[in-house]
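In: take a look and give me a structure for this.
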Amino acid sequence: MSNVHLINHPLVQHKLTLMRKKEASTNSFRRLLNELASLMAYEVTRDMPLQDVEIDTPLETMTGKMIDGKKLVFVSILRAGNGILEGMLNVVPGARVGHVGLYRDPKTLTAVEYYFKMPHDMQERDIVVVDPMLATGNSAIAAVERLKELNPKSIKFVCLLTCPEGIAALQKAHPDVPIYTAAIDRQLNDHGYILPGLGDAGDRIFGTK
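Out: Reported below is the predicted structural model:
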């Protein structure tokens, strides 16, 4: 668990609890997810490298510190990952964006890829993979495996919720990829859903069933 980062800031935990409520509307769920993702982005980008930049203040010239957002790529696991993406981009608007389309086979629970689109020169970039739920881990494992083929500088995985089974699966397959999450829930049920969880994140973001 040394590579798992639990983001337990009070505002993160407060918003997550509101999102878990079954009576939360699609609108409020989406808004809370956007806010929560922005808060999580501060922790996820804490170790981003800085570069010296010379600027002019109203009084004099100085050397300040800036991050190069163009070196960062947020990779959304479709479709639910897009719910986190917007909040992350609020904090690092200069970041590039990639998409991995995966769906979970309802019988085998394995991930099946149907879309993959990334920025160029990925070997020069740091990747942050976003998906609200790390449940069985199958989608995360498949996405990271595919991304490693591009030889990026680094990969992080960010989710709202996970469980011991999901963590174990991702760490076994990719022990070098740190996991950032707002909560580690109790377990998976027989259908691969996290308990107590918050239901199907994609359905709750987009108002589908």
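In: number of nearby residues for I184?
Out: 17 (other C-beta atoms under 10 Å). For glycine as for every other residue, the C-beta is placed from the backbone atoms N, C-alpha and C.
In: so what's the closest residue to it other than its chain neighbours bridging to?
Out: With sequence-adjacent residues excluded and distances taken as C-beta to C-beta, 6 or more residues apart in numbering, I184 is closest to T162, at 5.7 Å. Beta-bridge partners for T162, by DSSP bridges, are L134, I184.
In: with K117 instead?
Out: H99.
In: which parts of this structure are strands?
Out: For the chain, applying DSSP state E gives strands covering 4-6, 50-56, 61-67, 72-78, 96-104, 111-117, 126-130, 133-134, 154-162, 179-184, 187-188, 194-195.
In: strand partners of the fourth one, parallel vs antiparallel please.
Out: Sheet neighbours of strand 72-78, with direction, are listed as strand 96-104 (parallel), strand 126-130 (parallel) (DSSP bridges).
In: and the first one, which residues are buried?
Out: What that stands for is strand 96-104. R96, V97, G98, H99, V100, G101, L102 (16 or more other C-beta atoms under 10 Å).
In: what does it contact?
Out: 70, 72-78, 81, 85, 89, 110-119, 125, 127, 129, 136, 138-139, 142-143, 146-147, 192 (C-beta atoms under 8 Å, 6 or more residues apart in numbering).
In: filter those residues down to just the buried residues.
Out: 72-78, 81, 85, 89, 111, 116, 118, 125, 127, 129, 136, 138-139, 142-143, 146-147, 192.
In: and K21, how far from H174?
Out: Per C-beta to C-beta, to the nearest Å, K21 is found 33 Å from H174.
In: with A140 instead?
Out: 8 Å.
In: looking at this protein, which residue reaches furthest from the middle?
Out: Note on the chain: the largest C-alpha distance from the chain mean falls to L59, namely 40.5 Å (C-alpha atoms, centre = their mean).
In: and the pLDDT at that one?
Out: pLDDT, L59: 98.
In: before we move on, what about Y103?
Out: Confidence score, pLDDT, at Y103: 79.
In: can you find the helix or strand in the protein with the smallest mean pLDDT?
Out: In the chain, the helix or strand scored least confidently by mean pLDDT, DSSP states H and E is helix 201-206, which has a mean of 86.
In: what helices or strands is it leaning on?
Out: Packed against helix 201-206 by the contact rule (3 or more C-beta pairs under 8 Å, 6 or more residues apart in numbering; DSSP states H and E) you find helix 26-44, helix 82-91.
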